[in-house]
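Colleague: only geometry, no sequence info:
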């Protein structure tokens, strides 16, 4: 009973927090609500006996990703403006799509005859099992992840690096008649058409 | 690690990926040691690595098999796709050598990321387990995001990459969600075990879980092959990306997407009872929409890269007919079509890079009077565009006949009719470019210089289109053998 109560409490909090994330006008507060929502999810994981996932959730999502978002907000000027329009022309289509996805997931949940049999308890050395799986059956994808991170690292370094490069646009401006200007116009005109 | 463990893992199967990785690391190290003074070494090193990989992969009879606990499969499909990806990478290096080097201060990093992208694509073609597949897809896409943004000070390039990242992340999430559902329904991520696990369904209602998962994975992969309605990122990303990257995206990225779809939807998901007709119908709808929208949206385009983006969406539509056919002819037709499509597309895109270098524009008006300024470039453009349009005796014609035959075989008369009619539409917009190049006059008649690397690769691309069209037997035969073999092996 207490278990169910806790579940509904955290589920409701998670929904409320995620609504606040998209509806709040201040983007910094949205980020804070996001952290709250992720914390509620972590609590739900604890209720499901998945302590390890709960800890990872707190560490990675709250400890790393939300902090990154906050840093991005801090480093970006004028993004914190409360008078900025937060919805664009897709604001009617997006909820419909989201509701469609919700409908799909609800259909799945309703159609499945959830098993009511006694579930074997979660083994106590779950960490050991995960570690063994990562270094035996899943060693190959586990290794490839390191390459993925290397690519991301190189790419991030390249994009962030300041360099005095041969500018594309200035050179075009000097030559005059040809140039990127036309391309940009063409692209822009099309965007308007769409 | 002792030798017997390595032997038991059959690590030798991974050798193509291994060579590519070594090359990427070598170029990366060169970049930090001497890349500033001699940036051209990077491109030569990359080419050397790619050729060595090709030689080691196809010069010797490679062992085939499954390794790393079912996560990695090296078979005929993987070998064929590796060939396409490697040749496409070589073309990209040739296209980039005179283009990236001219417009970017640090061209060396381009080759590093390109090699990593090729690595990810080869892994996609070989992954036979869902987690490995997802990691491979992500490695590829992250590398492609960076390549798209390579001209980082160019507004268009940055915007293209931004759109690509946002939309790509959404589709990656959908695909991952689908994989989770498939795992939830079957209890395994290894492809070869999914069919059996699905047959003795674990609990009531697992079919709908599995079906939703399969559809979501297909949505994620449709993004990769730019199937309508999941194509919306392609025109902007293709237009804004540096032209060699656009060529690489439109050929290699698509090839790896088709490899994954063939492995998943020919080998695994259609084996599940009652799913094949449903999947075939899904592919028919995708193919129809992709052919119609891709061809008709190409008509009003004024920018050649945007036109080619829509054209490549349309070309993907033709290849999806092969997916819908669910037969060995279907697979063979896709393999043949990919081969000729690679030659034709790279021919055109390398012309685009050379023209851009000369006049700094991708606008169609830049192609006015091209036949006078450079007869060779105009000739390559003519042959490759006509091949894409499917004019005999060029390779595109044989490819389309082959795909349509696979469709007719299964009785998809309406779909094939759509295919033929939209091909006629495509002739129109390809001819617009040719009209500009051959008939319209340009005040500027100064000849356009073609760098040696570009010239060599243009010859290869043009001869590839002509020879696979005039003597299709060699490619068709090997595609047929491979098609039979792949279908037999996947099942």
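Modeller: Now that the structure is in, tell me what you want to look at. Since the structure is predicted, the reported quantities are computational estimates derived from the model, not experimental observations. Numbers count the residues shown, from 1 in each chain, chains lettered A, B, ... in the order given.

Colleague: skipping adjacent residues, who's closest to residue 28 in space?
Modeller: Chain wasn't specified; assuming chain A. Taking CB to CB, 6 or more residues apart in numbering or on different chains, and ignoring the residues beside it in sequence, residue A:28 has residue A:73 as its nearest neighbour in space, at 5.4 Å. Where you see a C-beta, it was placed from the backbone N, CA and C, and this is true even at glycine.

Colleague: actually, chain B is the one I wanted.
Modeller: Distances taken as CB to CB, 6+ apart place residue B:112 nearest to residue B:28, at 4.8 Å, with adjacent residues excluded.

Colleague: show me how far the one helix or strand the one you found maps to is from its chain's centre.
Modeller: Residue B:112 is part of helix B:108-126, with elements assigned from DSSP states H and E. On the basis of CA atoms, centre = their mean, to the nearest Å, helix B:108-126 is displaced by 13 Å from the centre of the chain it belongs to.

Colleague: against which helices or strands is it packed?
Modeller: Packed against helix B:108-126 by the contact rule (3 or more CB pairs under 8 Å, 6 or more residues apart in numbering or on different chains; DSSP states H and E) you find helix A:139-160, helix B:15-33, helix B:40-54, strand B:72-74, helix B:76-97, helix B:130-148, helix B:254-261.

Colleague: does the fifth one come close to chain A?
Modeller: Right, the one you point to is helix B:76-97. No: looking at helix B:76-97 against chain A by CB under 8 Å from any CB of the partner chain, there are no contacts, and the closest approach is 14.3 Å.

Colleague: same thing with the fourth one?
Modeller: Yes: applying CB under 8 Å from any CB, one finds strand B:72-74 in contact with chain A at residue B:72.

Colleague: find the nearest non-adjacent residue to residue B:158, please.
Modeller: On the basis of CB to CB, 6+ apart, the spatially nearest residue to residue B:158 that is not a chain neighbour turns out to be residue B:149, at 5.7 Å.

Colleague: and that neighbour, how far from residue B:356?
Modeller: Separation of residue B:149 from residue B:356 (CB to CB, to the nearest Å): 18 Å.

Colleague: between those two, point out the one with more neighbours.
Modeller: Set residue B:149 next to residue B:356 and count neighbours by other CB atoms under 10 Å in any protein chain shown: residue B:149 wins out with 24 against 21.

Colleague: the more buried one touches residue B:160, doesn't it?
Modeller: Yes: under the criterion of CB atoms under 8 Å, residue B:149 lies in contact with residue B:160, with a separation of 7.5 Å.

Colleague: any low-confidence regions in chain A?
Modeller: Using pLDDT under 70 as the threshold, the predicted model of chain A has low-confidence ranges A:77-84, A:115-120, A:163-194.

Colleague: nope, chain B is what I meant
Modeller: Where chain B drops into low confidence, which here means pLDDT under 70, it does so at B:1-9, B:59-63, B:201-205, B:486, B:488-491.

Colleague: which element is residue A:108 on?
Modeller: helix A:93-111.

Colleague: which residues does stretch B:162-178 contact?
Modeller: Identification of contacts with stretch B:162-178 by CB atoms under 8 Å, 6 or more residues apart in numbering or on different chains yields B:134, B:137-138, B:141, B:144-145, B:148-149, B:212-221, B:223, B:230, B:232-233, B:236-237.

Colleague: over to stretch B:427-440?
Modeller: Contacts with stretch B:427-440, where a contact means CB under 8 Å, 6+ apart, come from B:295, B:298-299, B:301, B:304, B:307, B:311, B:364-365, B:367-371, B:378, B:381-382, B:385-386, B:388-391.

Colleague: tell me, how many residues neighbour residue B:83?
Modeller: 18.

Colleague: rewinding a little: mind listing what the residue nearest to residue B:158 touches?
Modeller: When the contact criterion is CB under 8 Å, 6+ apart, the partners of residue B:149 are A:159, B:157, B:158, B:160, B:161, B:162.

Colleague: repeat for residue A:151
Modeller: Each residue near residue A:151 by CB under 8 Å, 6+ apart is listed here: B:113, B:116, B:120, B:139, B:142, B:143, B:146.

Colleague: quick one on the thing from earlier: now do the residue nearest to residue B:158 against residue B:165, distance only.
Modeller: In this structure, residue B:149 and residue B:165 are separated by 9 Å, where distance is defined by CB to CB.

Colleague: could you do residue B:190 as well?
Modeller: Using CB to CB, residue B:190 is found at 30 Å from residue B:165.

Colleague: ditto for residue A:3
Modeller: Shown here: residue A:3 relative to residue B:165, a distance of 41 Å by CB to CB.

Colleague: more neighbours: the two, which one.
Modeller: Neighbours per residue (other CB under 10 Å) separate residue A:3 from residue B:165, with residue B:165 holding more: 19 against 7.

Colleague: ok, which stretches of the stretch 151-300 of chain B are helices?
Modeller: Secondary structure of the stretch 151-300 of chain B, counting by DSSP state H, counting those that start in this stretch: helices at B:155-186, B:191-199, B:206-224, B:233-240, B:243-248, B:254-261, B:267, B:275-298.

Colleague: right, so these: which one is the most enclosed?
Modeller: Highest mean neighbour count among the helices of the stretch 151-300 of chain B (mean count of other CB atoms under 10 Å in any protein chain shown): helix B:243-248, with a mean of 29.

Colleague: tell me what that one is packed against?
Modeller: Packed against helix B:243-248, as judged by 3+ CB pairs under 8 Å, 6+ apart, are the following elements: helix B:76-97, helix B:130-148, helix B:304-325, helix B:328-359.

Colleague: who wins for proximity to residue A:113 among these?
Modeller: When those are ranked by proximity to residue A:113, the top entry is helix B:130-148, at 24.7 Å, counting by CB to CB.

Colleague: any part of that closest one near chain A?
Modeller: Yes: Helix B:130-148 lies in contact with chain A when judged by CB under 8 Å from any CB; the contacting residues are B:131, B:132, B:134, B:135, B:136, B:138, B:139, B:142, B:143, B:145, B:146.

Colleague: any chance of these in CSV with neighbour count and distance to residue B:348 as columns?
Modeller: Formatted as CSV, the residues of helix B:130-148 next to chain A follow (neighbours: other CB atoms under 10 Å in any protein chain shown; distance: CB to CB, whole Å):
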residue, neighbour count, distance to residue B:348
B:131, 21, 37
B:132, 27, 34
B:134, 20, 33
B:135, 25, 33
B:136, 27, 28
B:138, 21, 30
B:139, 25, 28
B:142, 24, 27
B:143, 27, 23
B:145, 23, 24
B:146, 27, 24
